[in-house]
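Colleague: next one to model:
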Amino acid sequence: MRIDSPGLTTDIELLRLQGSVVTEHDDHLVVRTDANPTFWWGNFVLVQDAPRPETVAHWVARFEAEFPHAEHRAVAFGAEGGDAGGWSERGWEVETDVDLVSDAVPAPAPAAEGIAVRALELDDDWEQSAHVGAHDTAPAGRAGRLVFERRRVTAQRALVDSGRARWFGAFDGDRLVARLGIVRLGDLARYQEVVTLESHRRRGLAGALVRAAGEWAFQDGAVRRLVIVAEDGGPAIGLYRRAGFSEVSRHVGVSRPPAG
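Modeller: Numbers count the residues shown, from 1 in each chain. Below you'll find the model as predicted:
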């Protein structure tokens with residue numbers, strides 16, 4: 001099955017590297033991450049076509065047949081365009097993501113004074129990364145979210161240990177306040193998990209991390225292009241464009257959280 005979106009194709013490669021099982025069918029893929037069953041976008045159906053109202057019931061049924069015990073629902077679409085209105089009408093969240101690429105090291109973006117940018121190495125660095133990932137979760141759901149984030153950190157550390165990846169953090173003293181990852185995938189390098197704590201936004205931290213990760217990725221002579229994905233209409237797209245990234249495609253994902 002062919003998917004042209006560099007964001008989705010690198011998503012699938014990354015999931016495989018982290019132990020997910022990808023089963024290919026004629027018109028869709030089923031992605032399963034048994035080690036992290038609450039990871040929505042590690043347990044989903046990827047459809048080759050664009051969303052269409054008349055296929056909503058079909059793909060809902062397909063997801064539920066593949067994941068009978070899942071509390072969430074998640075379906076992604078590989079082709080641009082289409083009409084996701086049938087999903088939103090049923091109460092599903094519809095998100096459009098933008099794939100951006102750059103063939104050069106991102107533009108310089110110094111972090112604010114007093115902020116140190118370095119790779120995550122220590123156990124405490126990674127534990128703080130899990131907490132940064134869970135920082136926006138309501139208190140009632142925080143414990144469960146930390147379980148999810150710690151599982152994801154375990155997979156990320158395995159990628160780093162393999163030599164394929166590096167996670168970078170911005171530290172205010174000893175406190176991790178922003179982080180991201182980047183993974184080398186042949187001639188592409190894909191950014192992962194760009195998060196900045198609300199208390200430290202608009203201080204140049206994301207730009208500094210994007211630059212540091214891009215520099216590291218291009219140390220491998222095989223890497224020719226950087227890939228990053230941002231939510232359509234979100235504040236990050238402007239930052240990435242200023243860093244030298246250009247839009248190449250878009251794709252839609254639809255999801256529904258657990259009931260209650």
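
Colleague: ok, which stretches of the stretch 101-250 of the chain are strands?
Modeller: Per DSSP state E, counting those that start in this stretch, the stretch 101-250 of the chain carries strands over the ranges 115-119, 165-172, 175-185, 188-196, 225-231, 246-256.

Colleague: wait, which of these is closest to residue 5?
Modeller: strand 246-256 (4.8 Å; Cβ to Cβ). Where you see a C-beta, it was placed from the backbone N, CA and C, and this is true even at glycine.

Colleague: parallel or antiparallel, which strands does the closest one pair with?
Modeller: Strand 246-256 pairs in its sheet with strand 73-77 (antiparallel), strand 93-102 (antiparallel), by DSSP bridges.

Colleague: okay, the ones you listed, which one's buried deepest?
Modeller: Most buried of the strands paired with strand 246-256, by mean neighbour count (mean count of other Cβ atoms under 10 Å): strand 73-77, with a mean of 24.

Colleague: contacts for that one, please.
Modeller: Residues outside strand 73-77 that contact it (Cβ atoms under 8 Å, 6 or more residues apart in numbering) are 8, 40-41, 43-47, 49-51, 59-60, 63-64, 84, 92, 251-256.

Colleague: next: stretch 104-122.
Modeller: Applying Cβ under 8 Å, 6+ apart, the contact partners of stretch 104-122 are 126, 129, 160, 166-173, 176-177, 179, 200, 203-205, 207-212, 214-215, 218, 226, 242-245.

Colleague: residues contacting residue 11?
Modeller: By Cβ under 8 Å, 6+ apart, the contact list for residue 11 reads 41, 190.

Colleague: report pLDDT for the nearest residue to residue 35 once chain neighbours are set aside.
Modeller: Nearest residue to residue 35, sequence neighbours excluded (Cβ to Cβ, 6 or more residues apart in numbering): residue 19, at 5.9 Å. pLDDT, residue 19: 90.

Colleague: now distance to residue 151 and mean pLDDT too, for the strands paired with strand 246-256, in TSV please.
Modeller: Output for these, formatted as TSV (distance: least, Cβ to Cβ, whole Å; pLDDT from 0 to 100):
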stretch	distance to residue 151	mean pLDDT
strand 73-77	17	98
strand 93-102	22	97
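
Colleague: which of those sits closest to residue 194?
Modeller: Closest among the strands paired with strand 246-256, using Cβ to Cβ: strand 93-102, at 12.0 Å.

Colleague: and the helices in the stretch 1-150 of the chain, which stretches?
Modeller: Using DSSP state H, counting those that start in this stretch, the helices of the stretch 1-150 of the chain run over 6-17, 56-66, 85-88, 123-133, 142-161.

Colleague: check contacts around residue 193.
Modeller: 133, 156, 179-181.
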